[in-house]
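**Q** Structure, please.
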Amino acid sequence: MEYVLLGLLALRGQTIYELSKNMKNTVALFYSDSLGGIQAALKKLMDKEWISCSEIVEHGKLKKVYSIEAAGREQLLDWLRSPIPIDKLKDLAVARLFFLGLLPAEDRTRVLESYAASLTEMHQHLTALEIQAALMEPEIPEDKRDIYRCQMLSLRYGVDQYAFSAKWYAELLQNMREGGSRSDGSLHGA
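**A** So this is what the prediction gives:
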């Protein structure tokens, strides 16, 4: 969480509400947290003196704007340069699939149909977002192009990941409907 916030603050100073909104609109594909979680992480970053906070009055309201400090920028760059660890697959859907055989066949089908529909909906949402973001490309200043390209690559990853998952679960459902056997990976007749 701390490095995600440092990354967002490296783009520009933001209030906690702007950070929360930007997380939902950008990095929520791979990371999300509550406002309380963001507040706790900001406090840790402040304690480490990696960020600072200034108060401004805007439209008669006092706002706290968080900004990255040189030490925070250096920590962020060190983190970005460090090797990317291979992590265990942390997908709650796969965990549920592992135990889905405990449900009767009709319940399994209902759960998987709902999940497959949600995956397809998220894929469509991300595809639309990718199209909108691509339309903004001509407006991106030259000095921000590399940042934009990497952000678009993370969005492309999400589009591809949801496309793969939606297809995989659709094929599983089709196999179940056609009476696939346990040996071919379907859940029919288990």
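
**Q** what residues are up against residue 52?
**A** With contacts defined as CB atoms under 8 Å, 6 or more residues apart in numbering, the neighbours of residue 52 are 46, 66-67, 69. From N, CA and C alone the C-beta is placed, and that goes for glycine too.

**Q** Could you rerun that using 7 Å?
**A** Neighbouring residues of residue 52 by CB atoms under 7 Å, 6 or more residues apart in numbering: 67, 69.

**Q** Spell out the secondary structure type for it.
**A** strand (DSSP: H, G, I helix; E, B strand; the rest coil).

**Q** How far does the helix or strand harbouring residue 153 sit from its chain's centre?
**A** Per DSSP states H and E, residue 153 falls inside helix 145-177. Taking CA atoms, centre = their mean, to the nearest Å, the mean C-alpha location of helix 145-177 is offset from the chain mean by 12 Å.

**Q** can you check stretch 124-144 too?
**A** Worked out by CA atoms, centre = their mean, stretch 124-144 lies 17 Å from the chain centre.

**Q** hmm, back to that, could you pull up the mean pLDDT of the helix holding residue 153?
**A** Confidence for helix 145-177, expressed as mean pLDDT, is 91.

**Q** Then stretch 97-114?
**A** The model assigns stretch 97-114 a mean pLDDT of 89.

**Q** measure it end to end?
**A** 13 Å (CA to CA, to the nearest Å).

**Q** Could I get the buried residue list for it?
**A** Judged by neighbour count (16 or more other CB atoms under 10 Å), stretch 97-114 contains these buried residues: 97, 108-109, 112.

**Q** just those now: which is nearest residue 120?
**A** Among the buried residues of stretch 97-114, residue 112 lies closest to residue 120 (CB to CB), at 12.4 Å.

**Q** can you count the residues close to the closest residue to the closest one other than its chain neighbours?
**A** In space, residue 112 comes closest to residue 173 once its chain neighbours are excluded; the distance is 5.5 Å by CB to CB, 6 or more residues apart in numbering. Counted with other CB atoms under 10 Å, residues neighbouring residue 173 total 18.

**Q** Show the contacting residues for residue 173.
**A** 109, 112-113, 116 are the contacts of residue 173 under CB under 7 Å, 6+ apart.

**Q** This structure: strands as residue ranges?
**A** Per DSSP state E, the chain carries strands over the ranges 51-58, 61-68.

**Q** circling back: tell me which residues of the helix holding residue 153 are tucked away?
**A** Neighbour-count burial for helix 145-177 flags 151-152, 155, 158-159, 161-163, 165-166, 169-170, 172-173, 175-176 (criterion: 16+ other CB under 10 Å).

**Q** again with stretch 41-53
**A** 41-42, 45, 50-51.

**Q** Break down the chain into its helices, ranges please.
**A** For the chain, applying DSSP state H gives helices covering 2-11, 16-25, 35-47, 70-81, 92-99, 105-135, 145-177.

**Q** Which of those helices sits closest to residue 56?
**A** Proximity to residue 56 (CB to CB) singles out helix 16-25 among the helices of the chain, at 12.4 Å.
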